[in-house]
Every structure is written in structure tokens, then in C-alpha cells.
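*Asks:* could you look at this predicted model? Sequence included:
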Amino acid sequence: MRRYLIAGNWKMNKTNNEAIDLARRIVLNTKGIEKIDIVICPPFTALAPVYDAIKDSNVRPGAQNMYYEDEGAYTGEISGKFLKAMGCEFVIIGHSERRKYFSESDTDVNKKIKKALSFGITPIVCVGETLEEREKGKTADVVKKEIIGALQEQTDKEKIIFAYEPIWAIGTGKTAQPEDANKIHNLIRNIIKTDFGMDETVVRVLYGGSVNPSNAEALMSQPDIDGSLVGGASLDVKSFVEIITTSANLA
Ligand code: PEP
């Protein structure tokens, strides 16, 4: 039985004081919700105070990115080793914004996943197509290429969480039709089973792309959708908590 997971990706938002305040409110408003996993991914600068604010709660500590080397002359980077030492349990890897603005390749994504797993940090690996790719009918090819890139020579593969995030739906207010999203989630399960011999029934596949309180129920009710990676709506306590509550009611 797969547990729903709702993860908030705060992106480059929130000073430390704002982040602590948001984290405290999320903790307060999700008390007693035990049936699903709740994760928040603040910016690096706010990890320490936010992790402190959520300790002893049911909100789990996440991060938005990590580097695959442990330490050394990599100015500006943060390693999985550092995240582990802070208590990080989940890390987003290969978000489309990182692939687009920071030129992250499938090889980088693969190395980061390997390193995260080696530290016992659960990677949330993002895949998804651009609008142009979608219009050219290339969605399946793009998703397959990214999944194959991510899974090459990995061990502990079933621990990886995937997030299908159609790029045209991120931050745009446009969401994939629930049935269409479910088809891609189903495709992801087929790829991991057929190409990598994984047990597709245990791997969690999240949906991301303008999820909000009004579309959460329709999306989360789909059989192959196991939760969501939430961007914009995770910055607003009321919206994020509503998405969490809706998912918990379906669990
Ligand atoms: C995201 O950043 O992963 C995301 C899905 O953003 P939004 O919910 O704002 O579309």
C-alpha cells in the first residue's frame, strides 16, 4: 500500500523569519494527520531553523537540491553529506528549473540520486515535458529518457520517488487533466517495471504542476497518483493545508 506524500517546494522564497513562521503554521495546522507523509523543502539558508521548528512533528525535513560530491572546491554547492548531517530526509532532484536554468543533465541527476541514496536521503526525482514537446507528441519519449537516465546503475531503486511535472503546468495555473496525468504515471510504472525490473506497485509517483485546493481531489483520486510536489500553493498555509487534508481524507 503506497502512502500519499505531499511535498512543498518553497523554491527561492522566504527569509529565515518568514520560513520559520510558515513552518510553524504548517505544523500547527497538520497536527494529528498521520495517514500521509508531509514534507517541506525550504531554501538552504532556512534549513536549520525550519528543521528545528518541525522537529517532533509529523512534517518531514526536505531540501530542493544537492551536489553529488561530498566536499571540496565546488563554490556555492551544498552536498548530500551536509544535508544528512542536518537531518534532511528527502531531496528534490532534477527539478525542471534546475535542468533549465542551471543546465542539469540526466547524468548530473543520476549522480545526485546515487549520492542521496547512499546517505539514506530519499530523492524526489522530477521528470516532465515542455509544451513544445507535448505538442509534438513527444511526452512519452521525454519522460522515458529522463527515467532511464535517472535509474542507470542505481541500487535501492524502489526507494526513489518520482514526480511527474509537465513543465507547461509549473507555476502557470494550467494543470494536466487528471486522467492524462494518470496515463503518464502509469507509463512511468511500466518503464520502471519493464526496463529496470522494479516492483512498480511500491514506487511512489507524485504529480506536480499548479496543484491547488480546487484541483487536488480530482488529481489525488487517480489510481497511479500518490501525492504531489506543490510549488506556489505550498507558500500559503491555508492552500497547502487544504491540499494535505484533501489527500489525507482520500488515504
Ligand atoms: C514545482 O515547483 O515543483 C511546482 C509544481 O510548482 P507549482 O505548484 O507552482 O506549479
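*Replies:* Looks like it came in fine.

*Asks:* from now on I want contacts and neighbour counts done on CA atoms only, so please keep to that.
*Replies:* Noted.

*Asks:* name the residues that touch the lengthiest helix in the chain?
*Replies:* Ranked by residue count, the top helix of the chain under DSSP state H comes out as helix 178-194. Residues outside helix 178-194 that contact it (Cα atoms under 8 Å, 6 or more residues apart in numbering) are 140, 143-144, 147, 164, 198-201, 203, 205, 207, 218-219, 222-225.

*Asks:* how far does that helix sit from its chain's centre?
*Replies:* Distance, stretch centre to chain centre, for helix 178-194: 16 Å (Cα atoms, centre = their mean, to the nearest Å).

*Asks:* wait, does it make contact with the ligand?
*Replies:* No - applying Cα under 6 Å from any ligand atom, one finds that helix 178-194 is not in contact with the ligand, the shortest distance being 13.1 Å.

*Asks:* quick thing: my sequence starts at 765, can you match it?
*Replies:* Sure thing, new numbering starts at 765, so read that last one as helix 942-958.

*Asks:* show me what counts as buried in that helix.
*Replies:* Across helix 942-958, burial judged by 16 or more other Cα atoms under 10 Å covers 942, 945-956.

*Asks:* verify the stated contact: residue 972 with residue 989.
*Replies:* No - between residue 972 and residue 989 there is no contact under Cα atoms under 8 Å: 10.1 Å.

*Asks:* looking at these two, which is more packed in?
*Replies:* residue 972 (28 against 25; other Cα atoms under 10 Å).

*Asks:* check contacts around that one.
*Replies:* With Cα under 8 Å, 6+ apart, residue 972 has these contacts: 927-930, 933-934, 992-995.

*Asks:* in JSON lines: the residues you listed, plus neighbour count.
*Replies:* Output for these, formatted as JSON lines (neighbours: other Cα atoms under 10 Å):
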{"residue": "927", "neighbour count": "28"}
{"residue": "928", "neighbour count": "25"}
{"residue": "929", "neighbour count": "27"}
{"residue": "930", "neighbour count": "26"}
{"residue": "933", "neighbour count": "19"}
{"residue": "934", "neighbour count": "20"}
{"residue": "992", "neighbour count": "28"}
{"residue": "993", "neighbour count": "27"}
{"residue": "994", "neighbour count": "25"}
{"residue": "995", "neighbour count": "22"}
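
*Asks:* I'd like the mean pLDDT over the longest helix of the chain, please.
*Replies:* Per-residue pLDDT over helix 942-958 has a mean of 97.

*Asks:* repeat for stretch 860-869
*Replies:* 97.

*Asks:* quick one on the thing from earlier: now the contacts of helix 942-958: which count as buried?
*Replies:* Buried among the contacts of helix 942-958 by 16+ other Cα under 10 Å: 904, 907-908, 911, 928, 962, 964, 967, 969, 971, 983, 986, 988-989.

*Asks:* out of those, who's nearest the ligand?
*Replies:* For the buried ones among the contacts of helix 942-958, the minimum distance to the ligand (Cα to the nearest ligand atom) is 7.8 Å, reached by residue 971.

*Asks:* for the closest one, grab phi and psi.
*Replies:* phi -110, psi 140 (degrees, to the nearest 10).
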